[in-house]
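>>> After the sequence you'll find the predicted model.
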Amino acid sequence: MKKKKKVNAAILIIGNEILSGRTQDKNIVFITNWLNASCGITVSEVRIIPDVEKTIVKNIRLLSKNYNYVFTTGGIGPTHDDITAISISKAFRVKYGYHPEAYKILENYYGKKKFNDGRKKMAKMPITAKLIHNPSSAAPGFITNNVISLPGVPSILNSMIENCKKYLVKGVKVHSKTINLFTVESNISKQLGEIQNKYKKLVDIGSYPFFRLGKIGVSVVSRSTSKMYLNNVQKDLMKFIKIKKVKILKI
């Protein structure tokens with residue numbers, strides 16, 4: 001049986017509304033969780049950029065070279081500032097125009113009389129792109145090389161995400177375990193460092209402060225592709241937790 005390899009991805013959020021603070025992004029967490037749980041793909045980088053063609057082209061070229069997949073959100077709608085599709089065409093030097101299949105899908109959805117120029121614009125994309133079915137509002141997403149382009153509206157993106165799976169090569173899933181402690185980071189930093197050094201690249205250990213029930217605490221999160229090493233780390237963590245008599249918060 002062929003062993004699965006690590007597969008990574010980047011997320012490119014495109015939209016002035018995100019950078020201005022007018023709209024709160026909800027897609028990063030959703031895409032990241034879905035990729036790991038459903039496909040064993042790890043998100044290694046996230047960028048948020050404006051609706052500027054040169055900026056989009058530059059980032060698409062860079063990220064597509066550095067990662068197995070790039071997921072873009074936003075900028076594929078009917079308005080003048082929706083320039084993701086034409087920017088991706090330029091990034092890969094692919095002809096931009098009406099995608100025959102996308103055009104038919106949208107024309108059938110709206111009807112010829114209501115199929116105006118704005119709606120027709122949503123059928124314009126790299127003409128060699130493969131389509132991603134949209135069960136919510138018909139306008140398809142698309143994949144060009146290793147770049148998957150999805151809408152920015154979370155509810156629509158969520159409904160489409162499963163249709164991306166057929167284009168993705170699955171990797172090995174990253175498992176995680178969390179222990180919530182009523183303590184401060186400085187009280188456990190030495191021991192965490194020793195455990196991290198023991199397992200090095202086999203397990204990634206992070207500590208994240210929180211404030212709950214009027215007390216300061218730390219969430220210790222361990223991540224690994226190996227359940228065995230993850231369990232070994234948990235045993236080592238519990239040993240020093242008992243020695244230092246640190247209280248565990250059960251949620």
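Cool, the structure landed.
>>> Could you verify that residue 194 is part of a helix?
Yes: judged by DSSP: H, G, I helix; E, B strand; the rest coil, residue 194 forms part of a helix.
>>> quick one: it from residue 43, how far?
29 Å (C-beta to C-beta, to the nearest Å). In short, each C-beta sits where N, CA and C put it, glycine included.
>>> Pass me the low-pLDDT residue ranges in the chain, would you?
1-4, 251 (pLDDT under 70).
>>> By residue count, tell me the biggest helix in it.
helix 227-244 (DSSP state H).
>>> Show me what that one is in contact with.
Residues outside helix 227-244 that contact it (C-beta atoms under 8 Å, 6 or more residues apart in numbering) are 175-177, 179, 181, 183, 187-188, 191, 195, 198-199, 202-203, 205, 220, 222-224, 248.
>>> Please repeat the previous calculation with a cut-off of 7 Å.
175, 177, 179, 181, 191, 195, 199, 202-203, 205, 220, 222, 224, 248 (C-beta atoms under 7 Å, 6 or more residues apart in numbering).
>>> Could you do stretch 214-226 as well?
172-185, 188, 192, 202-210, 230, 233-234, 237, 249.
>>> Only the buried residues of that stretch, if you could.
217-220, 222-225 (16 or more other C-beta atoms under 10 Å).
>>> which one of those residues sits closest to residue 30?
residue 223 (18.7 Å; C-beta to C-beta).
>>> Tell me, how many residues neighbour residue 231?
Using other C-beta atoms under 10 Å, the number of residues around residue 231 comes to 14.
>>> What distance do you get for residue 54 to residue 95?
From residue 54 to residue 95 the distance is 20 Å (C-beta to C-beta).
>>> Please read the previous query as pertaining to residue 168.
Distance from residue 168 to residue 95, by C-beta to C-beta: 25 Å.
>>> Have a look at the two and say which one is more surrounded.
Counting neighbours by other C-beta under 10 Å for residue 168 and for residue 95 shows that residue 168 has the greater number, 19 against 8.
>>> got the contact list for the nearest residue to that one once chain neighbours are set aside?
Nearest residue to residue 168 in three dimensions, chain neighbours excluded: residue 39, at 5.3 Å (C-beta to C-beta, 6 or more residues apart in numbering). Neighbour list for residue 39: 165, 168, 170-171 [criterion: C-beta under 7 Å, 6+ apart].
>>> and the residue nearest to residue 159 when sequence neighbours are not counted, what are its phi and psi?
Leaving out its chain neighbours, the residue that sits closest to residue 159 by C-beta to C-beta, 6+ apart is residue 136, at 4.5 Å. For residue 136, the backbone dihedrals are phi -90, psi -50 (criterion: degrees, to the nearest 10).
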